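Q: Need the 3D shape of this:
(one chain, ligands or ions: 1)
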Amino acid sequence: MSTSNYNKFPEICIHRNEGQAWQGYERIARELAEAASRSDKKKRILTVECYPSVRETEIAAGLSAHLRPSVVLFAKDAVIDSGLFEEKVGKYLTDDRVFGYMYPHRLEDFYDAGKIERLRRSIEEAADGVVVIIGFGASLVAEPDLLVYADLARWEIQQRYRSKEFGNWMTDNREEDILKKYKRGFFFEWRMADRLKRGLFERIDYYLDTHIQDAPNMITGAALLEGLDQVARRPFRLVPYFDPGVWGGTWMEKVCDLPQSDKNYAWSFDGVPEENSLYLTYGGVRIETPAVNAIFYRPKELLGEYVYARFGAEFPIRFDFLDTMEGGNLSLQVHPMSEYIREHFGMSYTQDESYYFLDAVPDAIVYLGVKDGVDPEEMFEQLERAEKGEISFPSERFVQTYPVKKHDHVLIPSGTVHCSTTGSMVLEISATPYIFTFKLWDWDRVGLDGKPRPVHLRHGKANVQWDRSEEWVRKNLLNRVEKIAEGDGWVEERTGLHEFEFIETRRHWFDSPVQHDTQGKVNMLNLIEGREAIVESPAGAFEPFVVHYAETFIIPASVGPYTIRPYGESEGRRIATIKAFIK
Ligand SMILES: O=P(O)(O)OC[C@H]1O[C@@H](O)[C@@H](O)[C@@H](O)[C@@H]1O
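A: Numbering: from 1, shown residues only. Model prediction:
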């Protein structure tokens, strides 16, 4: 096998902003002190608005040491009492380990007017100089003279939950089950935090990156916006992350050159802006920022007006990897129908999926759809007994299996029972939601934490579509490849997804340049065959962008025409990309 050329640290170089970046608390504090001194007020309020799970105490200590503020106040002291807090949020969280209901309200609901008044009095009583207010909601306490925004990406938040360094915001639950902490973040905190952040973008004076402990980096708010604007006008990649899992395999470790781990890597996410980061570099200083910021700030340029009108400032397409090479089976599972996900979880669209096979062992199979003539009651009675540990679920009796091979594309509209099995390397091309997996059966095993992974039979039963016969599955969901066009040195095929799903995919096989056009809609691609390709602008609108095997990349809607051709080691060879866009 050839050596890995997969780039795990894709950086986006932001032009025209050199000199506007600071590293370390000392330099950061000095810059903030200088900026504060530009005001002729005697007392200046320096607000550090934080995303939940930011290390507020580290920032307070780091700034205090060099800034010598007259007082440091924490926004959390103005949060409503815990009884009322739980009353407001409880019904959105439910008792389930995984699923809650999307929280529709704002952070203001959790701040107490009387307590805010008390903090404001402390500001009045403080000596002249700089008053620092820190925390999630700090910008609600008083009108800032200088606003610093300390952001955090979801993957890092998950690490902080997992290491038990953090519980949820204002919740004493550091020791709690990771699934429940994630649930509280996903359904509640991150919704409010994103709403607040979107309203602050244009007002941020400085943007603080504290992803790495005690090694902060800072840029101006203007530099951040300039960076996000540049991202929305050129091809780019997200920073991938790799996560071990009970069914994980060995393919990614080799192909993506991952550090050896005692647990196999199962997932890689490199195409979920809500979860992944961007690395923006400003004259040698690397700023990690949640990729979703580019969508929040420039939704029309990035998604295109059509996609924005339909989905809002959300990235509706997800690319991720599921690696079971020398690993196990995923859970046998089903995803909610659109109506169900909306009614039960408050989501505006559902988890429609597809599996593109980057690789598969010779006898690999996929489970897809229930067999003809299956009695739903009997199948669920068996699943219930299996959940109790009384039997092993006889999957072959109830669920259809099909052989799969490299470059097959299997379509999985919600409501279809499915499971990728051992010996497969899947590129998932799916709708963005990804936690709404109703596991039906997990093959008599426990998760990496030693506990059974959560099974959701009631939800599952309500969503399995029993009328999808074997004939229907074969005709509609397996390799619906259709040639669309061809030219000198290239062929374009449509591979999916199913009519019920809102994503369309096109595969190109080529040894010469292929002309693409976003047609005003964001494109997400992956190099599924070949070592290297280059993306270019016919009009020179962006710098040539090199991609490697298995890398996912995004072409913003604003790009319009672009070309892709084999490059470097792949020059003159036949390679392939798969491209997804909204129908
Ligand atoms: O972790 P399990 O349940 O085995 O599923 C593994 C993966 O399966 C896919 O089809 C998706 O549903 C993913 O969201 C899920 O993470």
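Q: Please give me every residue in contact with Val246.
A: 266, 328, 445-448, 453 (Cβ atoms under 8 Å, 6 or more residues apart in numbering). All C-beta atoms are positioned from the backbone trio N, CA, C, and that covers glycine.
Q: From Phe166, how far out is Trp22?
A: Between Trp22 and Phe166 the computed distance is 26 Å (Cβ to Cβ, to the nearest Å).
Q: Test my guess that Gly572 contacts Glu532.
A: No. Here Gly572 does not reach Glu532: they are 11.8 Å apart, not a contact under Cβ atoms under 8 Å.
Q: coming back round to it: out of the contacts of Val246, which is most surrounded?
A: Ala266 (22 neighbours; other Cβ atoms under 10 Å).
Q: circling back: which two from the contacts of Val246 end up farthest apart in space?
A: Greatest spacing in these, by Cβ to Cβ: Ala266 and Val446 (14.6 Å).
Q: which one of the contacts of Val246 sits closest to Phe545?
A: Ala266 (28.9 Å).
Q: And Arg458, how far from the ligand?
A: 17 Å (Cβ to the nearest ligand atom, to the nearest Å).
Q: And for Arg506?
A: 22 Å.
Q: Pretty sure Gly245 sits against Ala266.
A: Yes. At 2.7 Å, Gly245 and Ala266 qualify as touching, with contact defined as Cβ under 8 Å.
Q: picking up where we left off before, quick check: which of the contacts of Val246 are also close to the ligand?
A: Among the contacts of Val246, none lies close to the ligand by the criterion of Cβ under 6 Å from any ligand atom.
Q: Would you format those as TSV with pLDDT, distance to Ala431 and secondary structure included?
A: Below are the contacts of Val246 laid out as TSV (pLDDT from 0 to 100; distance: Cβ to Cβ, whole Å; DSSP: H, G, I helix; E, B strand; the rest coil):
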residue	pLDDT	distance to Ala431	secondary structure
Ala266	98	20	strand
Gly328	98	25	coil
Arg445	96	28	coil
Val446	96	29	coil
Gly447	94	25	coil
Leu448	93	26	coil
Arg453	96	22	coil
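Q: Relative to Arg55, which of the residues you listed is nearest.
A: Leu448 (26.3 Å).
Q: Excluding covalently adjacent residues, which one is nearest to that closest one?
A: Val246 (5.5 Å; Cβ to Cβ, 6 or more residues apart in numbering).
Q: Could you verify that the one you found is part of a strand?
A: Yes. Counting by DSSP: H, G, I helix; E, B strand; the rest coil, Val246 falls inside a strand.
Q: Okay, it and the ligand: tell me how far apart.
A: From Val246 across to the ligand, the span is 8 Å (Cβ to the nearest ligand atom).
Q: what residue ranges in the chain score low on pLDDT?
A: Counting by pLDDT under 70, the chain has low-confidence residues at 1, 17-19.
Q: residue ranges for the strands of the stretch 1-150 of the chain, please.
A: For the stretch 1-150 of the chain, the strands defined by DSSP state E, counting those that start in this stretch cover 11-13, 21-23, 43-50, 71-74, 129-135, 146-151.
Q: got TSV for the ones you listed, with distance to the ligand too?
A: Formatted as TSV, these follow (distance: least, Cβ to the nearest ligand atom, whole Å):
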stretch	distance to the ligand
strand 11-13	27
strand 21-23	36
strand 43-50	29
strand 71-74	37
strand 129-135	33
strand 146-151	25
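Q: residues contacting Leu238?
A: 10, 270-273, 276-278, 291, 552, 554 are the contacts of Leu238 under Cβ under 8 Å, 6+ apart.
Q: let's go with 7 Å and repeat that
A: Leu238 sits next to 270-271, 273, 276-278, 291 when contact means Cβ atoms under 7 Å, 6 or more residues apart in numbering.
Q: Just the buried residues of stretch 554-573, please?
A: Residues 554-560, 562-567, 570 are the ones in stretch 554-573 that count as buried (16 or more other Cβ atoms under 10 Å).
Q: Can you tell me which of the residues you listed is closest to the ligand?
A: Ile554 (19.9 Å; Cβ to the nearest ligand atom).
Q: Tell me the bridge partners for that closest one.
A: Phe236, Met524 (DSSP bridges).
Q: Ala462 against Met337, yeah?
A: No. Under the criterion of Cβ atoms under 7 Å, Ala462 is not in contact with Met337, lying 8.4 Å apart.
Q: Compare these two and say which one has the larger neighbour count.
A: Met337 (19 against 15).
Q: how near is that one to the ligand?
A: 15 Å.
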